[in-house]
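> Quick check, what structure comes out for this input:
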Amino acid sequence: MTLFKNIFIVLLLLLICNFKSQITTAKIDSLQTTVFSKLLKNGELYKIVLLETKLRKECQRLNYENGEIRGCLNLANVLILMKKDKESLQMLEMAEKELKGKKEYALEAYMYFVYGKNYNSLGLHEQAIKCFDTAFVLAHKIKDRKEKEKRLYSIYDWKRNSFEYLGLMDSVYSNERKCMKSPTPMLFITIAERHFKLNNIDSAEFYINKANELLTTRQIPIEGKANVLRAFGKLNIEKKNYNKALNYLFSSLNITSKAQLGKGTLESYKLIAEAYNGLNFPEQESEYLAKYSALNDSLQREENVGINMVIKRMHKEQADKEKRYSSVLLYVILSIVFLGSIIVYFVFKFSRSRERIKDAMINEKVKESENLKRKLTTTYEELIMLAKRSDPSFMIKFRDSHSDFYDCLISKYPDLNPNDLRLCAFLKLDLSNKQISDYDHISIRTAESKKYRLRKKLKLSRDIDLYKWIQNF
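Have a look, this model is predicted:
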């Protein structure tokens, strides 16, 4: 059966290469859905990249916009698995530009879903959930029932993942119940992970076995098999069956390495090192810890590039929003001034004795204009209010108003994560420990601990005042 599938895929690829003059939009649709799904299940991500790149050229030749958009989205989806966050975001932006003004609900739902996956991969879970919510609304407008249900299930599954990272367990359980209608191995593995943390090894094993059963009863992507093998590896480490654990982990590693699934490979490296530690093989443990460290650094660099792209995108969206707001505000001010001038004119014309009223009105309008302008420049107060409300746009506004400080900081210290940058912003605004704890909803002791960890990342000695250092940076 597998041989037949491979032959089928090869023939279809040959069809693209050798019969371009005969290819139609219907054939492109089939290749971008059926063949794409088969290649994805087999973990042949590189073949997908080649296939979609060729198809996009054909779509351009045929002026088939929907096919070109779907190609961008398929590529973006696959590039997330390959941990190519920057390239994935670029594909999404191209698709978003082409979709503007169209009412292609299926493609729009797919686009926001992939945006959500990308943000989830970057650890931006609040932004991911917003994208999934938008995809959810659009998915309900899809006419094809089967496609709608498939998209909605995918949204539930990924929202569950983001909610778990945020610790919103009620939302996690709600989405898990919806996912149980058509579970994936990763759903059961996630539940097993929770039992590992509680040291409920038997319960964890129960759910890993349920994940394994899906491999034999359903057509699961090769990534799912790698996840199950890795879960069995972790289970056997917990049981101290280290040699058995290594067999599972190397099998999983073989799959993720071939499919270029960087995150899965990273997790395998860490568990393999742990198993060798259990066997008291320090050389092998060091080897895989080194591999883990090198790959983790590489993925972190990719992730930082992706996060910066997202921040720039959010900054642009915020700037556009403020520009629209400023335009409306200017129109309102001009309207007020214009109407005021008319009123003053008629008052002056019909009654010179009411000159003082006219002057008062003019002064009042001028004062209103000055107050409005003053409000637009009170950046510090705005930042404090955004921080108090834990508003996501706080960092966007801070970067806009302190661009030299922010750009210099991330340039010199690229390893700083979003939480570190937020703490630096608080310190730049000269907030006290009490204010930091209030705005981040943490204890003062936790705020002090975060400052201590930040000091270590910045490599500052104890005799340097962190506040003064930040202010003078």
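
> So which residues of this structure form strands?
In order along the chain, the chain carries no strands (DSSP state E).

> need the contact list for the most centrally placed residue in it.
By C-alpha atoms, centre = their mean, the mean C-alpha position of the chain lies nearest to residue 119, the distance being 0.3 Å. Residue 119 is in contact with 125, 127, 128, 131, 310, counting by C-beta atoms under 8 Å, 6 or more residues apart in numbering. For glycine as for every other residue, the C-beta is placed from the backbone atoms N, C-alpha and C.

> give me the number of residues near the closest residue to residue 176 other than its chain neighbours?
The shortest distance from residue 176 to any non-neighbouring residue, by C-beta to C-beta, 6 or more residues apart in numbering, is to residue 160 (5.7 Å). Each residue near residue 160 was counted by other C-beta atoms under 10 Å, and the total is 22.

> And residue 160, how far from residue 131?
According to C-beta to C-beta, to the nearest Å, residue 160 and residue 131 sit 15 Å apart.

> which one of the contacts of residue 119 is nearest residue 289?
Among the contacts of residue 119, residue 125 lies closest to residue 289 (C-beta to C-beta), at 28.0 Å.

> Let me know the pLDDT of that closest one.
On pLDDT, residue 125 comes in at 92.

> Next: residue 405.
Per-residue pLDDT puts residue 405 at 90.

> Over to the one 4 residues further on?
The predicted local confidence for residue 409 comes out at a pLDDT of 88.

> so how many other residues sit close to it?
By other C-beta under 10 Å, the residues close to residue 409 number 20.

> That one contacts residue 473, doesn't it?
Yes - contact between residue 409 and residue 473 holds when scored by C-beta atoms under 8 Å: they sit 6.8 Å apart.

> so how far is residue 389 from residue 304?
Between residue 304 and residue 389 the computed distance is 27 Å (C-beta to C-beta).

> Quickly name whichever of the contacts of residue 119 is closest to residue 171.
Using C-beta to C-beta, residue 125 comes nearest to residue 171 of the contacts of residue 119, at 11.3 Å.

> residue contacts, that closest one?
With contacts defined as C-beta under 8 Å, 6+ apart, residue 125 is in contact with 119, 162, 163, 165, 166.

> and what of residue 266?
292, 295, 296, 299.

> Hmm, residue 274 and the first one touching each other?
No - when contacts are counted by C-beta under 8 Å, residue 292 is not listed as touching residue 274 (10.1 Å).

> Quick check: mean pLDDT of the longest helix belonging to the chain?
As assigned by DSSP state H, the longest helix anywhere in the chain is helix 282-350. Average pLDDT, helix 282-350: 77.

> before we move on, what about stretch 58-74?
Averaged over stretch 58-74, pLDDT sits at 93.

> so how far is that stretch off the chain centroid?
Relative to its parent chain, stretch 58-74 has a centroid offset of 24 Å by C-alpha atoms, centre = their mean, to the nearest Å.

> residues of that stretch that come out buried?
Within stretch 58-74, the residues that qualify as buried are 58, 59, 64, 66, 67, 68, 69, 70, 71, 72, 73, 74, counting by 16 or more other C-beta atoms under 10 Å.

> same question, stretch 217-226
Those would be 220, 221, 222, 223, 224, 225, 226, for stretch 217-226 by 16+ other C-beta under 10 Å.

> Likewise for stretch 437-453?
By 16+ other C-beta under 10 Å, the buried positions in stretch 437-453 come out as 437, 439, 440, 447, 450, 451.

> which one of those sits closest to residue 196?
Residue 196 has its nearest neighbour among the buried residues of stretch 437-453 in residue 450, at 27.1 Å by C-beta to C-beta.

> got the contact list for the closest residue to that closest one other than its chain neighbours?
Computed as C-beta to C-beta, 6+ apart, the closest residue to residue 450 that is not its neighbour in sequence is residue 423, at 5.6 Å. By C-beta under 8 Å, 6+ apart, residue 423 lies in contact with 436, 450, 451, 454.

> now do 7 Å
Going by C-beta atoms under 7 Å, 6 or more residues apart in numbering, residue 423 touches 450, 451, 454.

> residue contacts, the last one?
I take that to be residue 454. Residues near residue 454 by C-beta under 7 Å, 6+ apart: 420, 423.

> How much space separates it from residue 387?
With C-beta to C-beta as the criterion, residue 454 and residue 387 are 17 Å apart.

> next one: the second one
Computed as C-beta to C-beta, the residue 451 to residue 387 distance reads 16 Å.

> farthest-separated two in the buried residues of stretch 58-74?
58 and 73 (16.3 Å).

> What are the neighbouring residues in contact with residue 237?
Contacts for residue 237 were tallied using C-beta under 7 Å, 6+ apart; they are 245, 271, 274, 275, 278.

> For it, give me the pLDDT.
pLDDT, residue 237: 94.

> burial of the spatially closest residue to it that is not a sequence neighbour, as a residue count?
Excluding the flanking residues, the one nearest residue 237 by C-beta to C-beta, 6+ apart is residue 245, at 4.7 Å. Other residues within reach of residue 245, judged by other C-beta under 10 Å, total 26.

> Residue 233 is in contact with residue 245, correct?
Yes - the criterion here is C-beta atoms under 7 Å, and residue 245 meets it with residue 233 at 4.6 Å.

> For residue 126, grab the count of nearby residues.
The burial count assigned to residue 126 is 12, neighbours taken as other C-beta under 10 Å.

> Now it: closest residue in space that isn't a chain neighbour?
Nearest one to residue 126, counting by C-beta to C-beta, 6+ apart, is residue 392 at 6.3 Å.

> Would you confirm that that neighbour contacts residue 128?
No - using C-beta under 7 Å, residue 392 is not in contact with residue 128; the gap is 12.0 Å.

> Closest one of the contacts of residue 237 to residue 40?
Taking C-beta to C-beta as the measure, residue 40 lies nearest residue 271 of these, at 24.8 Å.

> Helices of the stretch 151-300 of the chain, start to end?
Along the stretch 151-300 of the chain, counting by DSSP state H, counting those that start in this stretch, helices occupy 169-179, 185-197, 201-217, 222-238, 242-258, 262-278, 282-350.
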